[in-house]
Structure formats: structure tokens, C-alpha cells
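# Following is a predicted model, sequence given first.
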Amino acid sequence: MKKLMNNIKFISTGSYIPEKIMTNFDLEKLVDTSDEWIYSRTGIKNRHFSTGENTSDLAVKAAQNAIDKANYDISKIDLIIVATFTPDLMSPSVANFVQAKLGLSKQDITCFDLNAGCTGFIYALNVASQMLKSEKYQSALVIGAEVISKVIDFNDRNTSVLFGDGSGCVLLENIEEIVPAYFYSTSEGELNKTLYVDNVVHMDGKKVYQFALGAVEKAIKKVLEDSQLTLMDVDMIIPHQANIRIIQSVAKSLKIDLNKFFLNIDKYGNTSAASIAIALDEYIETRKNKTQETLLLVGFGSGFTYGAAIITI
Ligand code: UT7
């Protein structure tokens with residue numbers, strides 16, 4: 001994908017995490033595992049599971065959170081994209097449900113879901129920014145939302161300890177001034193069923209791990225190359241939160257201080273397409289420096305898909 005600069009403004013971010021916490025100790029009661037194994041292999045301590053709420057319920061709560069923070073006039077919204085692999089139904093899309101739950105059914109809004117596994121939020125941001133840039137759209141909700149607990153096989157200890165539920169959202173507008181934003185998204189389609197979902201999640205963890213190391217490194221290098229920026233220009237990296245060891249390895253290999261990666265995997269586990277969106281919202285809420293910053297988002301997932309974005313907030 002070629003160098004892209006977009007005139008998009010990040011108005012606000014939001015997130016929603018279901019209340020119910022599942023600790024590693026809770027999982028010990030369901031699966032043949034241990035807190036020690038999970039934490040040392042992944043960095044995960046807790047994850048949250050939905051109790052009855054579906055993906056659109058989580059999605060609309062993250063969207064409402066972003067809308068409320070900006071006290072935003074929702075009559076301007078004309079695009080809703082939800083990145084997810086756990087939609088409420090095969091059809092209609094989660095984005096349609098979000099439109100309805102926001103009371104916007106009579107408003108002209110393009111609504112659709114996008115499935116690019118855990119890279120979904122980066123893909124969705126890329127797509128939304130191109131649509132806003134076309135000037136046919138003015139205001140977009142871009143959401144990553146998952147209820148993965150409904151597709152977890154608790155007989156499979158290789159996958160059941162890794163995932164959690166949650167949602168994150170960004171509210172974007174097109175503007176006239178040039179605000180740098182760069183996107184790189186790609187995929188290496190494969191038929192080996194290394195990571196796939198039918199009724200439940202299946203994964204060859206070791207193969208995904210190996211793929212992830214190369215993909216994250218490549219995506220970071222590519223987006224920096226395309227933007228002609230260096231890591232010195234980046235204030236914080238917001239990575240997909242799948243395994244802390246993947247991030248530590250990439251940090252070591254690219255000689256990046258681990259403190260430059262925003263991490264919250266210990267609290268939420270892997271929330272797939274929601275993970276970068278939740279981390280972005282949390283970073284923005286907790287950062288001390290409220291001046292303009294350059295952030296690098298990077299993710300990878302089933303497909304295999306991977307990608308990165310450099311945004312200005
Ligand atoms: O979002 C994108 C999707 N997913 C990922 O990014 C995941 C990428 N992969 C990983 O994060 C890691 O490969 C895992 C965390 C999934 C697994 O870590 P690992 O160090 O690659 O472990 P392993 O699969 O090689 O398993 C090592 C041992 C095995 O036992 P033996 O064969 O050595 O006796 C497993 O059976 O650990 C065992 N094991 C467990 N033990 C306790 C696997 N899962 C568990 C478990 N609790 N939950």
C-alpha cells in the first residue's frame with residue numbers, strides 16, 4: 001500500500017468493558033491451567049466476560065462514551081464501521097444495530113462491519129479515513145467490539161485462557177487542514193487453519209507467535225518508511241494486546257524501549273479487534289501530556305492480516 005496522508009481529525013475516543021472479571025484463578029476452576037502458566041507465558045492476569053450483553057451492546061456503549069466525551073452532535077454522523085469477528089448475527093451488521101441503538105435509524109448513515117481478525121480496527125480506521133478523505137462523508141464512528149467469550153471452548157486450554165470481551169471507539173471527522181495520518185494494511189492469506197473460528201476459536205499458538213514477530217516488525221518499519229518518520233517522532237506505540245512476550249521480543253529486536261509500548265494486556269487479555277481501540281482510549285485518558293501527540297498503532301491477526309497506522313491526536 002502506498003504512502004497516504006489524510007485530513008482526518010480524532011474528535012474523541014471511548015471504550016466499554018463488561019463488569020464481570022475472570023481472573024486466572026477463576027479459570028483454574030474451569031480449565032487445566034494455572035495462574036503461573038498464564039501470566040508467565042502471556043502477561044495476562046484478568047479478562048472481562050460479558051454476562052448477557054452481545055457485541056452490539058458493547059459497541060454502542062463505547063460509541064456513546066466517545067460521543068459524551070466530546071458532547072458531540074450525533075446528527076453529523078454519516079458513517080459507522082464496526083470491526084469484529086463476533087457479530088451478534090451473520091446479518092444484519094453490528095454497525096446497523098449501533099445505528100438503531102443510537103436512535104439514528106432515520107439518518108443517512110453508511111453502516112457496515114469489517115472482519116480482519118485482530119487487525120480489524122486498523123483496517124477499519126484505514127477504510128474510514130479514505131471514505132472521509134473522499135469528502136462524501138463528514139463524521140465517522142469507528143468501533144472495535146468483541147464478545148469472544150461466546151466462542152471460547154473451555155475444553156481447550158490452548159485458547160480459552162487468552163481472550164476477553166470489550167469494545168473501543170474513535171470518533172473521526174474530515175477537516176480541511178492537513179493532519180498527518182498514515183496507514184499500512186496487508187495480509188498473507190493462508191489455508192492451513194492456523195487461527196480460525198467456526199463455532200469456537202482454534203489456534204496453533206506457536207505458529208501464530210512466530211508469524212506475529214515478523215508481522216509486527218514489518219508493519220512498524222513500513223508505516224515509518226511511508227510516513228518518512230522515525231521512532232523518535234513517535235510518542236507512544238499502541239500495539240494489539242495478544243501476548244506481552246511478542247511485544248517484548250519486537251521491542252528488543254527493533255531496539256525500542258519497552259516503555260514506549262502502551263500495555264494493558266494484564267487487565268483485559270486479548271480482546272481481538274477491540275484491543276487497540278481500548279488501549280488507545282485508555283492511553284489518551286491516562287496520559288499526563290495533553291499536547292498533540294503522534295501515535296503508532298500496530299496489529300496482527302487471523303488471515304493472516306497485519307497493519308499499522310500513525311495518527312496525530
Ligand atoms: O490475537 C492474535 C492471536 N493469538 C496470538 O497472538 C497468540 C500467539 N501465541 C501465543 O501467545 C503463545 O504461543 C501461547 C500463549 C498461545 C502459548 O505459549 P507457548 O509458549 O507457545 O506454549 P506452547 O503452546 O508451546 O505450550 C507449552 C506447553 C504445552 O505442554 P507440553 O506439550 O510442553 O507438555 C502445552 O500443552 O504448555 C501447555 N499449555 C498449557 N499449560 C497450562 C498450553 N496451554 C496451557 C494452559 N495452561 N492454558
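The structure has been received and is ready for your questions. For clarity, every value in this text was computed on a predicted model and none was experimentally measured. Residues are numbered from 1 along each chain as shown.
# you'd agree residue 9 is up against residue 181?
No - using C-beta atoms under 8 Å, residue 9 is not in contact with residue 181, being 9.4 Å away. (C-beta placed from N, C-alpha, C; glycine too.)
# For the stretch 101-250 of the chain, what lies in contact range of the ligand?
118, 157-158, 161, 195, 203, 205-206, 208-209, 212, 242-243 (C-beta under 6 Å from any ligand atom).
# Let me know the closest of the residues you listed to residue 47.
residue 161 (8.5 Å; C-beta to C-beta).
# For that closest one, which non-adjacent residue is closest in space?
The shortest distance from residue 161 to any non-neighbouring residue, by C-beta to C-beta, 6 or more residues apart in numbering, is to residue 38 (4.9 Å).
# Would you report the backbone torsion angles of the closest residue to the ligand within the stretch 1-150 of the chain?
The minimum distance from the stretch 1-150 of the chain to the ligand, using C-beta to the nearest ligand atom, falls at residue 33 (3.3 Å). The phi/psi pair for residue 33 (degrees, to the nearest 10) reads phi -150, psi -180.
# now residue 147
phi -120, psi 80.
# Which residues are in contact with the residue of the stretch 1-150 of the chain closest to the ligand?
Shown in contact with residue 33 (C-beta atoms under 8 Å, 6 or more residues apart in numbering): 24, 27, 157, 161.
# Check residue 105 too.
residue 99 are the contacts of residue 105 under C-beta under 8 Å, 6+ apart.
# can you pick the most crowded of the contacts of residue 33?
residue 161 (26 neighbours; other C-beta atoms under 10 Å).
# Now the closest residue to the ligand within the stretch 201-313 of the chain. Nearest residue, chain neighbours left out?
In the stretch 201-313 of the chain, no residue comes nearer to the ligand than residue 205, which is 2.8 Å away by C-beta to the nearest ligand atom. Of all residues not flanking residue 205 in the chain, residue 158 sits nearest, at 5.7 Å (C-beta to C-beta, 6+ apart).
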